[in-house]
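Participant: Mind folding the following:
(4 chains)
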Number of protein chains: 2
Amino acid sequence: MAKQVVLVEDEPILCENYASAMRANGYEVITADNKQSALELFQRRLPDMAVLDIGLQDDMEAGFDLCRELRALSSSLPIIFLTARDSDFDTISGLRLGADDYLSKDISMPHLLARMSALFRRIQALDNKTDAGDIVKAGDLLIDTIRFQVKWRQQLVDLSLTEFWMLHCLVKRVGHVKNREQLMQDANIFVDDSTITSHIKRIRKKFKQLDNAFDHIETIYGVGYRWKS
Amino acid sequence: MAKQVVLVEDEPILCENYASAMRANGYEVITADNKQSALELFQRRLPDMAVLDIGLQDDMEAGFDLCRELRALSSSLPIIFLTARDSDFDTISGLRLGADDYLSKDISMPHLLARMSALFRRIQALDNKTDAGDIVKAGDLLIDTIRFQVKWRQQLVDLSLTEFWMLHCLVKRVGHVKNREQLMQDANIFVDDSTITSHIKRIRKKFKQLDNAFDHIETIYGVGYRWKS
DNA sequence: ATAAATTATGGCAATATTATGGCAATTAAT
DNA sequence: ATTAATTGCCATAATATTGCCATAATTTAT
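Facilitator: Numbering: from 1, shown residues only, chains lettered A, B, ... in the order given. I've put the predicted structure just below:
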């Protein structure tokens, strides 16, 4: 889904320039040319990012006000100031208000777009960040123990809980052979040996459905199983 | 605890200037003057932020390399480029590499510090999306913890208080699986597991009344529930 | 090569977990 | 006091998962 950006700028031509460049980059852009209508937009629906001009018509501080209001609505919404003024003082007070970036209007369009996408990237990275040490990676495999998700080459593998922990057991030490007892322990079950065989069967099956060439779970005859890379 | 910043800059006097300004602002600063020692620092322990000069000694691209290496280590670590060069081209390629900011060395020290704290503020804001009096946004969903209002695609969802907090618990970390215990804690109740099931049922029902295709609350068999985007 | 041991596979029954509708108890509002 | 809303919980239905077995296929050892 396209990211929605609200652009607040009172100079019509400039505004349309920015807006169309953003649209060409895949953003959905809504514009406002004064404080009042901008506020209404925000109240109606929070965008994914706001790009604000500071001086609007006669009110030289309108952008700062908008920033404050927006921040009250959401502490995490990304805000970029776009301004003709360029003094350090302005920049600093802009950032102090909780803006994320402060750019002079004479930068190039590609530069502005790069800043925007850098900001989105940051949000993305933080959203996907999980608390330390809960992601196990092994080559094309990703195990996330908070989301209880397994990804094989970007694709989600739909495992049951016991399957999940058994896989986790194999992968947390790539190359090490795990016997059936260890696998049971990690999955918190106590069952017949044959049942472990069944679980491995099902895990392999689910991976093969995504990638027919899959063969990273190796059988060690007489001992157990191992994840090979 | 003080935020740890790694500063990579090969010009000794400049480096000391920056470092002491940062220290005066409460940061713990570790410096490096070449690629090798910087990498060692990062491998030993990831800082809370990295401020990188691009050209180091004879290697004009050292900073870019470091950025790449750092990003491989952590996708969410904040990185600021600090550079004498100032062309748009550099800025853009810097940001493309996953940097969060790109600053010319001739900006003032207060400006640099403001940029740093703006970046920290952003991280902070995203990390505790949970504080009261804020609006949490996840795709089409809006949760307003002041008014205790939930909106799904602009439409108000009429949830009871417990339902509200349970939803909030699920949404404040999109994708994370919450078990019944966690949901109880966040809603401030202590009840039978089956009661949680009932609440989820009711929440789903209310969303479905507005949007029959709604299915963002996913059941993870044997674990709990998750908000999926 | 053959026998013995081990593992793979498909299927099915048993079990565990969750969904649903409803009801009684509680709380809040009029 | 009466009504409405909320909440906890239960019985029952619907699903998902799991354990295990018979049988086939492999592997290992002799």
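
Participant: Identify the bridge partners of the nearest residue to A:N34 once chain neighbours are set aside.
Facilitator: Spatial nearest neighbour of A:N34, chain neighbours left out: A:L56 (5.7 Å); criterion: C-beta to C-beta, 6 or more residues apart in numbering or on different chains. (Each C-beta comes from the backbone N, C-alpha and C, glycine too.) Beta bridges link A:L56 to A:D59, judged by DSSP bridges.

Participant: Please verify my assumption that A:L56 contacts A:V8.
Facilitator: Yes: contact between A:L56 and A:V8 holds when scored by C-beta atoms under 8 Å: they sit 7.1 Å apart.

Participant: Which of the two has more residues huddled nearby?
Facilitator: A:V8 (26 against 23; other C-beta atoms under 10 Å in any protein chain shown).

Participant: Next, A:L52: phi, psi?
Facilitator: Torsion angles at A:L52 (phi, psi; degrees, to the nearest 10) stand at phi -120, psi 130.

Participant: try A:L156
Facilitator: For A:L156, the backbone dihedrals are phi -80, psi 130 (criterion: degrees, to the nearest 10).

Participant: is it true that it touches A:F148?
Facilitator: No: A:L156 lies out of contact with A:F148 (C-beta under 8 Å); the separation is 10.9 Å.

Participant: now the strands for chain A?
Facilitator: Using DSSP state E, the strands of chain A run over A:4-8, A:28-32, A:49-53, A:79-83, A:101-104, A:135-138, A:141-144, A:149-152, A:155-157, A:177-179, A:217-220, A:224-227.

Participant: quick one: which of these is nearest DNA strand C?
Facilitator: Among the strands of chain A, strand A:217-220 comes nearest to DNA strand C, with 3.6 Å by C-beta to the nearest atom of the strand.

Participant: Overlap of the contact sets of A:L56 and A:V8?
Facilitator: By C-beta atoms under 8 Å, 6 or more residues apart in numbering or on different chains, A:L56 and A:V8 have these common neighbours: A:D33, A:G63.

Participant: Could you measure from the residue most central in space within chain A over to A:I79?
Facilitator: Central residue of chain A (C-alpha atoms, centre = their mean): A:Q124, 2.4 Å from the mean position. Taking C-beta to C-beta, to the nearest Å as the measure, A:Q124 falls 17 Å from A:I79.

Participant: Show me the shaky parts of chain A.
Facilitator: Low-confidence segments of chain A (pLDDT under 70): A:127-133.

Participant: Dig out what A:T31 forms beta bridges with.
Facilitator: Note on A:T31: beta-bridge partners A:L7, judged by DSSP bridges.

Participant: Next one: it relative to A:D192, how far apart?
Facilitator: Distance from A:T31 to A:D192, by C-beta to C-beta: 67 Å.

Participant: Settle this for me: A:K35 is touching A:D59, isn't it.
Facilitator: Yes: contact criterion C-beta under 8 Å: A:K35 and A:D59 qualify, at 6.6 Å.

Participant: When these two are compared, which one has more neighbours?
Facilitator: A direct count of neighbours by other C-beta under 10 Å for A:K35 and A:D59 places A:K35 higher, at 20 against 14.

Participant: Now do the contacts for the residue lying closest to that one once chain neighbours are set aside.
Facilitator: Take A:K35 and drop its neighbours on the chain: the residue closest to it by C-beta to C-beta, 6+ apart is A:A62, 4.6 Å away. Applying C-beta under 8 Å, 6+ apart, we find A:A62 in contact with A:N34, A:K35, A:I54, A:G55, A:L56.

Participant: So what pairs up with the nearest residue to A:K137 once chain neighbours are set aside in the strands?
Facilitator: Of all residues not flanking A:K137 in the chain, A:I143 sits nearest, at 7.7 Å (C-beta to C-beta, 6+ apart). Beta-bridge pairing for A:I143 (DSSP bridges): A:V136, A:V150.

Participant: so who does A:D140 touch?
Facilitator: A:D140 sits in contact with A:W152, A:R153, where contact means C-beta under 8 Å, 6+ apart.

Participant: can I see the domain layout of chain A?
Facilitator: For chain A, automatic domain parsing gives the domain ranges A:4-128, A:135-227.

Participant: residues from chain A in reach of DNA strand D?
Facilitator: Neighbours of DNA strand D within chain A, by C-beta under 7 Å from any atom of the strand: A:160-163, A:189, A:191-192, A:194-195, A:198-199, A:202, A:221-222.

Participant: Dump the residues you listed to JSON lines, plus distance to A:L119 and neighbour count.
Facilitator: Formatted as JSON lines, the residues of chain A next to DNA strand D follow (distance: C-beta to C-beta, whole Å; neighbours: other C-beta atoms under 10 Å in any protein chain shown):
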{"residue": "A:S160", "distance to A:L119": "39", "neighbour count": "16"}
{"residue": "A:L161", "distance to A:L119": "37", "neighbour count": "15"}
{"residue": "A:T162", "distance to A:L119": "41", "neighbour count": "21"}
{"residue": "A:E163", "distance to A:L119": "39", "neighbour count": "18"}
{"residue": "A:I189", "distance to A:L119": "46", "neighbour count": "15"}
{"residue": "A:V191", "distance to A:L119": "50", "neighbour count": "13"}
{"residue": "A:D192", "distance to A:L119": "55", "neighbour count": "10"}
{"residue": "A:S194", "distance to A:L119": "54", "neighbour count": "8"}
{"residue": "A:T195", "distance to A:L119": "50", "neighbour count": "14"}
{"residue": "A:S198", "distance to A:L119": "49", "neighbour count": "12"}
{"residue": "A:H199", "distance to A:L119": "44", "neighbour count": "23"}
{"residue": "A:R202", "distance to A:L119": "43", "neighbour count": "15"}
{"residue": "A:Y221", "distance to A:L119": "54", "neighbour count": "5"}
{"residue": "A:G222", "distance to A:L119": "56", "neighbour count": "6"}
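
Participant: possible to save these as CSV with distance to B:L210?
Facilitator: CSV is the format used below for the residues of chain A next to DNA strand D (distance: C-beta to C-beta, whole Å):
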residue, distance to B:L210
A:S160, 32
A:L161, 32
A:T162, 37
A:E163, 35
A:I189, 41
A:V191, 45
A:D192, 49
A:S194, 49
A:T195, 44
A:S198, 43
A:H199, 41
A:R202, 38
A:Y221, 57
A:G222, 59
